[in-house]
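**Q** Just the structure for this:
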Amino acid sequence: MNSDQILMTREGYDKIVKEHEYLVSVRRGEVAERIKEAISYGDISENAEYDSAKNEQAELEDRILKLENMLRKGKIISEDELTGDHVNLGLHVLLKDRHTKDEFEYVIVGATEADPFAGKISNESPVGKALLGKMAGEVVDIQTEMGMLSLEVLKIRKA
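**A** Residues are numbered from 1 along each chain as shown. Below you'll find the predicted structure:
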């Protein structure tokens, strides 16, 4: 894999495309209209509306550039690569904490899609990185900020 590549699922890629299209086709025009309106108020040197609109425009353009970079560097993990016999992006992994005996499931996703509260962990996170390539039945010991974690891979499945 090229180190510049950003791995993502089809769902994650589509979400980025949708956000980019919205920002470019809708939000850009709205912000430009705000700037135009603020300029109509007169002297822009002491115009808080104008300053606010220009700041919003800068943040918007920064986000658009970030999304374009993700799309340019994005590599979608294809369904063919997801056999389910080992942990990979886009797959659900049922895990058991060997200390607490708790079971939980994560979906391994690209860094741009991570949302731990929704059960989506990044392939670049300590846990995600340690799980990649593992098979059902394997045990993984991971050093985290919270201490040592010992997880058993119980099951791997496609979404």
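
**Q** Please count neighbours and contacts with C-alpha atoms only from this point.
**A** Will do.

**Q** List the contacts of Glu11.
**A** Counting by Cα atoms under 8 Å, 6 or more residues apart in numbering, Glu11 touches no other residue.

**Q** and it, what element?
**A** Remark: Glu11 resides in helix 10-22, with elements defined by DSSP states H and E.

**Q** Pull out the buried residues from the helix or strand following that helix.
**A** Note on helix 10-22: by DSSP H and E, the next helix or strand toward the C-terminus is helix 28-40. Residues Arg28, Val31, Arg34, Ile35, Ala38 are the ones in helix 28-40 that count as buried (16 or more other Cα atoms under 10 Å).

**Q** next one: stretch 35-55
**A** For stretch 35-55, by 16+ other Cα under 10 Å, it's Ile35, Ala38, Glu49, Tyr50, Ala53, Lys54.

**Q** And the pLDDT for the third one?
**A** Looking at Glu49, its pLDDT stands at 86.

**Q** Contacts only, for it.
**A** Shown in contact with Glu49 (Cα under 8 Å, 6+ apart): Ile35, Ala38.

**Q** What distance do you get for Lys129 to Thr144?
**A** Using Cα to Cα, to the nearest Å, one gets 12 Å for the distance from Lys129 to Thr144.

**Q** Kindly report the same for Val26.
**A** As judged by Cα to Cα, Val26 and Thr144 stand 42 Å apart.

**Q** Name the helix or strand for Met70, please.
**A** helix 48-73.

**Q** Distance from the very next helix or strand once past that helix to the middle of the chain?
**A** Counting by DSSP H and E, the element after helix 48-73 in chain order, helix or strand, is strand 74-76. Centre-to-centre, strand 74-76 and its host chain are 12 Å apart (Cα atoms, centre = their mean, to the nearest Å).

**Q** and strand 74-76, what other elements does it pack with?
**A** When contacts are defined as 3 or more Cα pairs under 8 Å, 6 or more residues apart in numbering; DSSP states H and E, strand 74-76 packs onto strand 6-8, helix 10-22.

**Q** how about those, which one is nearest Ile121?
**A** Nearest of the helices and strands packed on strand 74-76 to Ile121, taken as Cα to Cα: strand 6-8 at 11.7 Å.

**Q** give me the low-pLDDT residue ranges for the protein?
**A** 1-3, 79-83 (pLDDT under 70).
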